[in-house]
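Trainee: Take this sequence and fold it.
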Amino acid sequence: MARIVVIGAGLGAMAAAARLAVAGHRVTVYERGGTYGGAVGRFERDGFAFDTGPGLLHLPAVYRDLFVKTGKEPLEECVTLTQVDPAARHVFADGARVDLPNASRAGTVAALDAALGAGAGERWGDFLVRAREAWDRTRRPLLEEPQPTDPAPLAREPYPALKPGLLRRPTTTLAQVGARELRDPRLAALLDAYAWTYGFDPATAPASAAVLPYMEQTFGSWYVGGGLRALADAVYERCRKRRVEFVFDTPVEGVLEKDGRAVGVRLAGGDTVEADHVVSGAPLPALHRDRVVEWGPGDDRPRHQALTTGRVTVCLALRGAREPEAVHRTVVHAAGERPTVTVLRPDDPALRPDADHESVTVTATVPTSGEQEWEALAGRMVEAAGHAVPGLRERLLWQHVRTPEDVRRDTGAAEVPGPALAGAGGRLLPADNRSPLPGLWFAGGWSHPGGGLAHAGMSGALVAGFIVEGADFRGSQ
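Mentor: Next up is the predicted model:
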């Protein structure tokens, strides 16, 4: 039985802790904050409750596997999962609207033809065929297998873009895919919205980001009763049942090394804890910035996704009941200075004080560099949300704004890691689970195959597999 210290109590870190505890190891989690869940947070006030992280789950199979492998109760006995249908309503800058069904390609094609004109659905369907090819090329190496020793092949673009004209440069970004292949500014905006939702700027996101709409439209969108925070609650309780120990409000300030190997951690205040392995679920940028590990020069330092965006979340407490025809998710596309926003309106009694009120969450992706007028931005976001919520201004009781700086305070990084993407010269590949320092492992959203709520749980499985099988990075080079 090994002594294992886990840094951070995000979902990926907790998934690794649960799997390691089931394998018979003694696991202790040290969390800098006062609660678990990482980016999957909750804001509560006056009987209203809001998810401050992701609001929907797109690959529940990952968590089904976690619960099967760590106990008797399956996922559906621990949380309530409901498919969201329609998956999303899209409101375009010209006023056009379309409701896209959940996990139905034929239904999506028909809906786009009806809303945007004949041929729109066919062009989108043809695009998804090419997106599936990119998915098939990258699914296993990016999501299901350990990161290869040489990830260079994953730095090459897997999306089979249509051949450009004689005077055009090759298609390399998602925005170029939309402009050249979809040939309708509304379809291009639809494609762009998937990138923005996951924290990518479509002007710089690689063409391989085409897998994002393919994934959602193939595997569907699911809502967890009580909000996504209820999933974090369930994973935490599973860890506790497996006798994982949690120590909150206790930052880890350093990883201890001896003979070139991680042998424990140093806590705030100077206390040390010995360990046979250390699993870090903390954001890689925070480990670098705070010098939790004294990395060597140059290539010895682990790389991670190069991100420049974060998320602003506006929690809206509304008087008045949610109208019966309301949809769960509406994407209001950018117009002028108004950003693209996602409006979530879950019909969930657990999130409101009574049936005469409603909780609404509005999110937008923004740059994390430079000065931002957060209140002004929040105002534009609420203006956009008015296209999804009738009479919003008259119904508004109060609002709470959460900025990337709030995310940095709670998790250690203002940026929110996105799903691993091939192409782009490898800049959107996450860190390998195997740290350059033997005995130190990476789990969670910033590590392979991290990024996104579901993928973080997959990284926990890989890390646990390495340790349980006795893998040692020194012997695998």
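Trainee: Please give me every residue in contact with the residue nearest to Glu405 when sequence neighbours are not counted.
Mentor: Nearest in space to Glu405, with sequence neighbours left out and distances taken as CB to CB, 6 or more residues apart in numbering, is Ala414 at 6.3 Å. In short, each C-beta sits where N, CA and C put it, glycine included. For Ala414, the residues meeting the contact criterion (CB atoms under 8 Å, 6 or more residues apart in numbering) are Gly310, Thr368, Pro404, Glu405, Val407, Arg408.
Trainee: and what of Leu287?
Mentor: With contacts defined as CB under 8 Å, 6+ apart, the neighbours of Leu287 are Ser280, Val293.
Trainee: mind checking the longest helix of the chain?
Mentor: If each helix of the chain is counted by residues according to DSSP state H, the longest one is helix 120-139.
Trainee: distance of Leu392 from Ala317?
Mentor: 11 Å (CB to CB, to the nearest Å).
Trainee: cool, and Gly178?
Mentor: Per CB to CB, Gly178 is found 36 Å from Ala317.
Trainee: Could you do Trp374 as well?
Mentor: Trp374 sits at a distance of 18 Å from Ala317 (criterion: CB to CB).
Trainee: Could you check which of these two is surrounded by more residues?
Mentor: The residue with more neighbours, out of Trp374 and Ala317 and counting by other CB atoms under 10 Å, is Ala317; that gives 21 against 17.
Trainee: and that one, backbone torsions?
Mentor: Here is the backbone geometry of Ala317 (degrees, to the nearest 10): phi -100, psi 120.
Trainee: His90 belongs to a helix?
Mentor: No: membership of His90 in a helix is not supported by DSSP: H, G, I helix; E, B strand; the rest coil, which gives strand.
Trainee: Surely it and Thr108 touch.
Mentor: No: with contact taken as CB atoms under 8 Å, His90 and Thr108 are classed as non-touching, separated by 11.0 Å.
Trainee: sorry, back to before: specify which member of the contacts of Ala414 is nearest to Glu257.
Mentor: Lowest distance from Glu257 to the contacts of Ala414 (CB to CB) belongs to Arg408, with 27.2 Å.
Trainee: which SS state does the residue nearest to Gly281 when sequence neighbours are not counted fall under?
Mentor: Beyond its immediate neighbours in the sequence, the residue positioned closest to Gly281 (CB to CB, 6+ apart) is Ala13, lying 2.6 Å away. Assigned state for Ala13: helix (three-state reduction, three-state DSSP).
Trainee: Show the contacting residues for Ala13.
Mentor: The neighbourhood of Ala13, defined by CB under 8 Å, 6+ apart, consists of Val6, Ile7, Val29, Gly38, Val279, Ser280, Gly281, Ala443, Gly444, Gly460.
Trainee: let's see it at 10 Å
Mentor: Ala13 is in contact with 6-7, 29-31, 36, 38, 235, 239, 279-282, 442-445, 447, 456, 459-460, 463, counting by CB atoms under 10 Å, 6 or more residues apart in numbering.
Trainee: quick one on the thing from earlier: kindly spell out which helices and strands sit in contact with the longest helix of the chain.
Mentor: Taking 3 or more CB pairs under 10 Å, 6 or more residues apart in numbering; DSSP states H and E as the contact definition, the neighbouring helices and strands of helix 120-139 are strand 97-100, helix 105-116, helix 174-177, helix 185-197, helix 211-219.
Trainee: Now the fourth one: average pLDDT?
Mentor: When pLDDT is averaged along helix 185-197, the result is 97.
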